[in-house]
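J.: no letters, just coordinates:
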């Protein structure tokens, strides 16, 4: 028991260090890799194209509002701003209840699981009552997680620090669905995607695992009204 308490205390100290220096480490990451680390997201249109189509939910012809960013944005169509979604109120830049779709692509995994509920509540404030959140992120059991575990770089449950100081969380279906459920979202779809990648030059096989999910913003007032009408 004493060893476990000591180990827990050490991890807490390490966790606080990397969380307090997160901006520094991620700035260094993007300075080194620029836009070459995360490839073009062609699968978004293939898997989730109907969620971005104006016809799917906008019969009046109004364009759909998507909360996402891109370096080659057009100012007349995009309101681009820098935001720390843990601490900065999104509604200062985005009208409350105005967004149809929010994409979280390898984003939640970069923050501590303790802060994830704060991010979801921040997003919920600007999401329409029946809006959607589309998630793609690292899944538990991924090749990268196994390597970090072997190197003893775990600083919390399913939470690891990489060699460059950036952190990464690896999601299970239960954890992700519960996280969103407790924030007031319903699960539309959730699954684990597996892909085996072979590196012939290094003679290794990498089992990559990603989690993809769709969540719907539950309108509690509407649900209560429907419940009352049935009674």
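T.: Nice, I can see it. The shown structure was predicted, so the numbers you read here are calculated from the model rather than taken from an experiment.

J.: how close does the residue lying closest to residue 175 once chain neighbours are set aside sit to residue 113?
T.: Nearest residue to residue 175, sequence neighbours excluded (Cβ to Cβ, 6 or more residues apart in numbering): residue 158, at 7.4 Å. C-betas here are computed from N, CA, C, even on glycine. Per Cβ to Cβ, to the nearest Å, residue 158 is found 7 Å from residue 113.

J.: re the thing from before, how about the backbone phi and psi for the residue nearest to residue 175?
T.: Residue 158 adopts backbone torsions of phi 60, psi 20, taken as degrees, to the nearest 10.

J.: wait, isn't it in contact with residue 176?
T.: No - with contact defined as Cβ atoms under 8 Å, residue 158 does not count as touching residue 176 (10.9 Å).

J.: the more surrounded of the two?
T.: residue 176 (22 against 17; other Cβ atoms under 10 Å).

J.: doesn't that one belong to a helix?
T.: Yes - checked against DSSP: H, G, I helix; E, B strand; the rest coil, residue 176 lies within a helix.

J.: contacts only, for it.
T.: 135, 137, 190, 211, 213 (Cβ atoms under 8 Å, 6 or more residues apart in numbering).

J.: how close does the fourth one get to residue 135?
T.: Shown here: residue 211 relative to residue 135, a distance of 7 Å by Cβ to Cβ.

J.: ok so, going back, scan the contacts of residue 176 and report the most crowded one.
T.: That'd be residue 211 among these, by other Cβ under 10 Å, with 24 neighbours.

J.: what about the closest residue to it other than its chain neighbours, how many residues nearby?
T.: Using Cβ to Cβ, 6+ apart and skipping residues adjacent in sequence, the residue nearest residue 211 is residue 139, 4.1 Å away. Neighbour count for residue 139, taken as other Cβ under 10 Å: 22.

J.: find the centremost residue of the chain, please.
T.: Nearest residue to the geometric centre of the chain (Cα atoms, centre = their mean): residue 108, 3.1 Å.

J.: wait, it sits on residue 169?
T.: Yes - here residue 108 reaches residue 169: they are 7.1 Å apart, a contact under Cβ under 8 Å.

J.: mutual contacts of these two, please.
T.: In contact with both residue 108 and residue 169: residue 137, using Cβ under 8 Å, 6+ apart.

J.: quick one: secondary structure of residue 78?
T.: Criterion first, three-state DSSP; result for residue 78: coil.

J.: burial check on it, number of neighbours?
T.: 13.

J.: mind checking pLDDT for it?
T.: Per-residue pLDDT puts residue 78 at 79.

J.: ok, residue 155 next?
T.: 87.

J.: so it sits in a strand?
T.: Yes - the assignment for residue 155 by three-state DSSP puts it in a strand.

J.: and the gap between it and residue 109?
T.: Taking Cβ to Cβ, one finds residue 155 at 14 Å from residue 109.

J.: need the helices for this protein, in chain order.
T.: With helices called from DSSP state H, the chain shows them at 2-20, 22-33, 43-52, 116-126, 143-150, 173-182, 220-230.

J.: and the ones you listed, which one is worst for confidence?
T.: Averaging pLDDT over each of the helices of the chain puts helix 220-230 lowest, since it has a mean of 42.
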